[in-house]
Every structure is written in C-alpha cells, then in structure tokens.
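Peer 1: my questions concern the predicted model and sequence given below.
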Amino acid sequence: MFELFRKSRPYKIRSLHDNRKYGVAARNVKELLKKGCNILELPLSGANLCLYEDGTTVTKEFFGTLPDNTELVVLCKDQTWGGAVCDIAQLLSSDQHTKALVRAAKGLLTGEKSPKRQKILSDLLRTLEDRSELESRDEDEDWFRGVESRFKTKSAYLKYNCESRIRSYMKELDEATKSVQKAKVQKECLQAAESISQMLKLDKYNGCYFDRTQKETQRLCTREGWFTCMGPFDQAKCVSLHSINPYSSRESRILFSTWNLDHRIEKKRTIIPDLLEALQNHTSDDINLTYFYRLLFTRDNLKLVHIVCHKKEAHNVPCDPNKIFKRKRQRKKIRLK
C-alpha cells in the first residue's frame, strides 16, 4: 500500500543489444519494468532489471536504495548482463565504432585527473589508433613526422634505427682500441677492430632485427611489427609481458627508442676489456674474433628489453675463457722408422 503513495523517481533504462538510453519515472520495480518493456518493445513476461554498471540484479528491496538517474538494463528471459565491461567488449570487437571511441577517449583524457584512468585512456588510444598495417610514407604521413624524407617506408626507418644502435657499439670498440698506449699492442687492437668491423659490414649491421619484412629467423618482431620484451639479463623472460608495436603510431615509434638492446655479458665492463687484455700478449690472429663479434653485435648476447627491465647494475657475467682464443690444431707427430 505504501508504494501507491511513493513519489515517482527518474531512472535511465536500455536493452541488452541497444546503446540508446531512455529516461523513465517509476515508483517501484514492477512499474519500471512495465514502462521499460513498453518503451523498448520487449516482452514483459520473464523480464527483470539489473545495474548497467556491474550487472547486479535489482530486487524489490534493492530498488529503494537506488539514487536518481541510475542506469539500468532491462533483460528478457534467459538474458544476462556482466556490467559496463560488456559494452567495452562489444565496442572493441568491431572496427565500426573505432573513430567514435577515439573521439570519446580523447575527450575524457582532456579533463581526466586520475593518473590511473589517464594511463588506461592513453593505452586505449594507442590501441585504437593502431595503423601498423600501413607501411609507406604516403599511407601514414603522421607516423613519419620528424623522420628524414629519405625514408619512404616504416621498415626502412626501423632497420636504420637498429643499424645505428649497432654502429654505436662498434664506435665504442674503436675508441677503446685507440686509447691503448703501447704502439705494438695498439696495432694489434686496431687490426682486431678492423676485422670485427668487416664481419659487421657483411651482416649489414644486423638492421634486420627491427625490420618486419625480414625472415622470421632474422627479425625480433612479428610480421605485424610487435616486439616483446625478453626480460632482464638475469631472467629467462619478461614477467611483466611488456610489448610494443613501433609500426602502429608515431607515439609508439618514439616510445620504442626507450627500449634497449641490452648486453647480457656487458660490453664496457667485460667484452671490450677482455678483448684488449687478450691482445696484450697475443696477436689478433690468435684471438677468436668471431666470438667477440657475436657477443657485441648479435642475438647470442643481446636482449631487447623494456626500459623497466633494463638493469643498470653490474651483470657479473664473464666471457667464456675457453672461447677467447682460437683452438690450435693438433699436429700429428710422425714417427721416423
């Protein structure tokens, strides 16, 4: 009897498969369901209400606690609603709403104060604005903003980017050899560095690591351009599952520059010093230069890591002493009869 005298209050309703929402005033669940089914053209038999936010079923008792303009979903018999996340899943499952989502996310991000929500919206925007399927400058001009005009494709630029990183390692080796004081030793060091440099040139500075057009065995990314963090030097994999696609957007391309090709056996602390030390009393012909080349410039010793997984402390991983020098062939002794 009390419900007959209860004042009607406003609510927002929608159906399971329609994003449109309607304002309805009602005193109780029964009245709201009746009006809602009439507006949404749904069968009243077996219908019920739940919260749009999290899918909680609205009972007679619970209804009285709801604030004005609560968003509700009218469900037909056997229908279920898991909450607002269902809307997100439906929107992301199709490219149909991508542009609208981008506009909405940018609008929300403009006035957002919460760092957590800012990150969620930023990550969502990066995902929605994925243009990785485009390759040339003509197709995706925004991606190439700030990139020299001589680069016509994304793959060509990222290949060059990788080559530049590898070349910088060679430069460090060259500078270290030139700093050697003894003339005779320096001569051997320069010769060793030149031999290693020739190996690097033959491998085209291993720019293939970042080039998605290369063979699967040569590149570090998927055919679409996704790179996965290999984890810190002392771990087998990345527990945080960091990943990035620098081919997808200009922002991702710039962020990718913070990822590191990390030497498991360290370049400055171990590899170069060990090479120079070996050359103190030996010629470059005695040294296994291929071993040092592979440690400095190849995936034998390099791991692509997210900046968070790049540990700056000493790795304390030594070179293999059995591989520093070339193995001398055992000469067969011939017995004279």
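Peer 2: Arrived safely, thanks for sending.
Peer 1: under the pLDDT cut-off, which ranges of the stretch 1-150 of the chain? List them.
Peer 2: 1-6, 84-114, 116-129 (pLDDT under 70).
Peer 1: swap in 90 and give it another go.
Peer 2: 1-8, 16-21, 52-56, 60-61, 64, 77-131 (pLDDT under 90).
Peer 1: now the strands for it?
Peer 2: 9-15, 22-26, 48-51, 70-75 (DSSP state E, counting those that start in this stretch).
Peer 1: of all those, which one is nearest Lys34?
Peer 2: strand 22-26 (8.3 Å; CB to CB). Every C-beta, even on glycine, is put in place using the N, C-alpha and C of the backbone.
Peer 1: tally of neighbours for Cys50?
Peer 2: 20 (other CB atoms under 10 Å).
Peer 1: so which of the strands of the stretch 1-150 of the chain is the most surrounded?
Peer 2: Ranked by mean neighbour count under mean count of other CB atoms under 10 Å, the strands of the stretch 1-150 of the chain are led by strand 70-75, which reaches a mean of 21.
Peer 1: tell me how far that one lies from the chain's centre.
Peer 2: Relative to the chain's own centre, strand 70-75 is displaced by 37 Å; criterion: CA atoms, centre = their mean, to the nearest Å.
Peer 1: now for it, which elements pack on it?
Peer 2: strand 9-15, helix 29-40, strand 48-51 (3 or more CB pairs under 8 Å, 6 or more residues apart in numbering; DSSP states H and E).
Peer 1: that one: partners in the sheet, and parallel or antiparallel?
Peer 2: Paired neighbours of strand 70-75 in the sheet (DSSP bridges): strand 9-15 (parallel), strand 48-51 (antiparallel).
Peer 1: was I right about Glu188 contacting Leu289?
Peer 2: No - using CB atoms under 8 Å, Glu188 is not in contact with Leu289; the gap is 11.3 Å.
Peer 1: out of those two, which sits in the more crowded spot?
Peer 2: Between Glu188 and Leu289, counted using other CB under 10 Å, Glu188 has the larger neighbour count: 23 against 19.
Peer 1: quick one, what contacts that one?
Peer 2: By CB atoms under 8 Å, 6 or more residues apart in numbering, Glu188 lies in contact with 279, 282-284.
Peer 1: now do Leu33
Peer 2: Contacts of Leu33 by CB under 8 Å, 6+ apart are 44, 47-49, 74.
Peer 1: adding distance to Gly23 and secondary structure, write the contacts of Glu188 out as CSV.
Peer 2: Output for the contacts of Glu188, formatted as CSV (distance: CB to CB, whole Å; DSSP: H, G, I helix; E, B strand; the rest coil):
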residue, distance to Gly23, secondary structure
Leu279, 83, coil
His282, 87, coil
Thr283, 88, coil
Ser284, 84, helix
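Peer 1: quick check: of those residues, which has the highest neighbour count?
Peer 2: Neighbour-wise, the contacts of Glu188 (other CB under 10 Å) top out at Leu279, 23 neighbours.
Peer 1: residues touching that residue, list them.
Peer 2: 185, 188-189, 192, 287.
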